[in-house]
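Chemist: 3D, please:
(chains A and B)
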Amino acid sequence: MARDASDEDLMLRYRDGDAAAFEALYARHKGGLYRYILRQCGNWAHAEELFQEVWMSLIRARNRYRVEAKFATYLYRVAHNRVIDYYRREKGRVPFSFDEEDCAGAENIAAGETDQPERQAAGREQAARLLEALARLPEAQREAFLLHEEGGLSVEEIAAATGVDREAAKSRLRYALAKLRESLRETL
Amino acid sequence: MSERDDKALTQALGGGSEVSRVYREGARDEPPAGLDDAILAAARREVAARPKPARALHSWYLPVSIAAALVVSVTLTLLVVERGEEPLVPAVPRLVPPSETPASQPSPQPAPETQRAARPKETVPAVTPQTKPAPAQRQVAKKPTAEPKPFADEAAAHPATGTASDLSPSSGAMRGGGAASPATEAAPAQPMLRERAAGQPAMKSMDRAGTPEKDTLPPEKWLEKIAELRRQGRIAEAEASLAEFKKRYPGYAVPGERN
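Modeler: Model prediction:
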């Protein structure tokens, strides 16, 4: 039953006292959320701490939960806020990339190889390089990519989760993809 | 933005980009099991602490309201029942001689009736003294006429009644000729009743008024009433009452004997 239920239904059931519904919801999103946070913090301890804070926020606010958006959007909005708080705490400020709504220079990145067929390469090595490239991305673009890949959010949902307009979210995501594609070409 | 970028974005959003594939191969990090356990335990604790959200409390409103209404209803019912058991009529009627209208031998007051039945003759001896104080009694009876209206009303209901505080059968009874209603003039003695029976049937009842008082009051109280009559100037009544007293309690030492 829980397997077929939507995220929103599970959260509503948890709100009404069904702890098992929360367990199912947690199982669905724990990996993606964890990696989303980990890729931005770059620190296991901090990532686990933020990860727990996000879920505890949901648990404490269960009585106030209302289906106003997709559950994943709600979840990653909470996570985004925790990450921003982390930046303020650890770095003293919010990264500048979050203030840039337009990612200049993305169009300069060669994108011709996107049509190339899949290359046989050391999967782990390629992935590792990709992760390294991901870590080098500006925070805002990195987040947009992670929200898409780990949270499964659309451009509109990314915009809602991060508090920017659709074009800004689209720009960030496009920039991130372009940069990561470039890094893949380098590994090939 | 270039069309290639748009195409790449669209492809990525569709999950078909190379970047997405490679990323998914490397994205294997999972939270530690201990962290999972802690979070799930917290979720269960939250449910245990507050099993139902606030909005569910509304479902309790109806049964609580019904219970409260039942409690209030039962309480009010019990109060009404308890009050209903309380006597509404004070003991005053005891002092009121039976409504001994000449027409109605039976008195509303069982005690007086009993008394009369027991000692019907007692009223006869009272005739003698009553003859004397008849006029006085009559005069004295006027005093009750000055009684406040409540007395008059009571006397109307119980014609044999004299003054409420008057123990002497003569009190008030003889004054039936006064402003007081005839009911107030319950002649203590039959002679008085005979004299005025025609026009003052209440006198007869007044006559009997003394009987119950004589029978109900202890000697000391009776004497106190006699003394009160004297203080009020109702000498005739006092004398008549005293006579009755002596007949009732021949051996009783009367203070300030007037013999």
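Chemist: in chain A, what residue comes closest to chain B?
Modeler: The minimum distance from chain A to chain B, using CB to the nearest CB, falls at residue A:127 (2.6 Å). No exception for glycine: its C-beta is placed from N, CA and C like everyone else's.
Chemist: can you pull the contacts of the residue of chain B found nearest chain A?
Modeler: Per CB to the nearest CB, residue B:26 is where chain B lies closest to chain A, at 2.6 Å. By CB atoms under 8 Å, 6 or more residues apart in numbering or on different chains, the contact set of residue B:26 is A:123-124, A:126-128, A:130-131.
Chemist: change it to 10 Å
Modeler: Contacts for residue B:26 (CB atoms under 10 Å, 6 or more residues apart in numbering or on different chains) come out as A:35, A:123-131, A:134.
Chemist: from residue B:9, how far out is residue A:130?
Modeler: Distance, residue A:130 to residue B:9, using CB to CB, to the nearest Å: 17 Å.
Chemist: isn't the residue of chain A closest to chain B up against residue B:18?
Modeler: No: with contact defined as CB atoms under 10 Å, residue A:127 does not count as touching residue B:18 (11.6 Å).
Chemist: more neighbours: which of these two?
Modeler: Legend: neighbour count by other CB atoms under 10 Å in any protein chain shown for residue A:127 and residue B:18, higher for residue B:18 (24 against 21).
Chemist: ignoring the adjacent residues along the chain, who's closest to residue A:143?
Modeler: In space, and not counting its chain neighbours, residue A:143 is closest to residue A:40: 6.3 Å by CB to CB, 6 or more residues apart in numbering or on different chains.
Chemist: which positions in the one helix or strand that neighbour maps to come out as buried?
Modeler: Mapping residue A:40 onto the secondary structure by DSSP states H and E places it in helix A:19-41. For helix A:19-41, a neighbour-count test (16 or more other CB atoms under 10 Å in any protein chain shown) marks A:19, A:21-26, A:28-30, A:32-41 as buried.
Chemist: contacts only, for residue B:62.
Modeler: Counting by CB under 10 Å, 6+ apart, residue B:62 has no contacts.
Chemist: helix, strand, or coil at residue A:67?
Modeler: Here residue A:67 is recorded as coil under DSSP: H, G, I helix; E, B strand; the rest coil.
Chemist: for the stretch 151-259 of chain B, which spans come out with low pLDDT?
Modeler: Residue ranges of the stretch 151-259 of chain B with pLDDT under 70: B:151-215, B:257-259.
Chemist: repeat that for chain A.
Modeler: Residue ranges of chain A with pLDDT under 70: A:1-3, A:100-122, A:187-188.
Chemist: repeat the analysis, applying 90 as the threshold.
Modeler: Residues of chain A that meet the criterion pLDDT under 90 lie in A:1-4, A:42-43, A:89-129, A:182-188.
Chemist: is the helix or strand that residue A:170 is a member of positioned near chain B?
Modeler: Element membership of residue A:170, judged by DSSP H and E, is helix A:166-187. Yes: applying CB under 10 Å from any CB of the partner chain, one finds that helix A:166-187 is in contact with chain B at A:170-171, A:173-185, A:187.
Chemist: again, but for stretch A:63-73
Modeler: Yes: taking CB under 10 Å from any CB as the criterion, stretch A:63-73 and chain B are in contact, through A:63-65.
Chemist: using CSV, lay out those together with neighbour count.
Modeler: Listed next are the residues of stretch A:63-73 next to chain B as CSV, based on neighbours: other CB atoms under 10 Å in any protein chain shown:
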residue, neighbour count
A:63, 14
A:64, 9
A:65, 17
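Chemist: circling back to that earlier point, I figured the residue nearest to residue A:143 hits residue A:85, correct?
Modeler: No: Residue A:40 is not in contact with residue A:85 according to CB under 10 Å; the separation is 11.9 Å.
Chemist: joint contacts of those two?
Modeler: Shared contacts of residue A:40 and residue A:85 (CB under 10 Å, 6+ apart): residue A:50.
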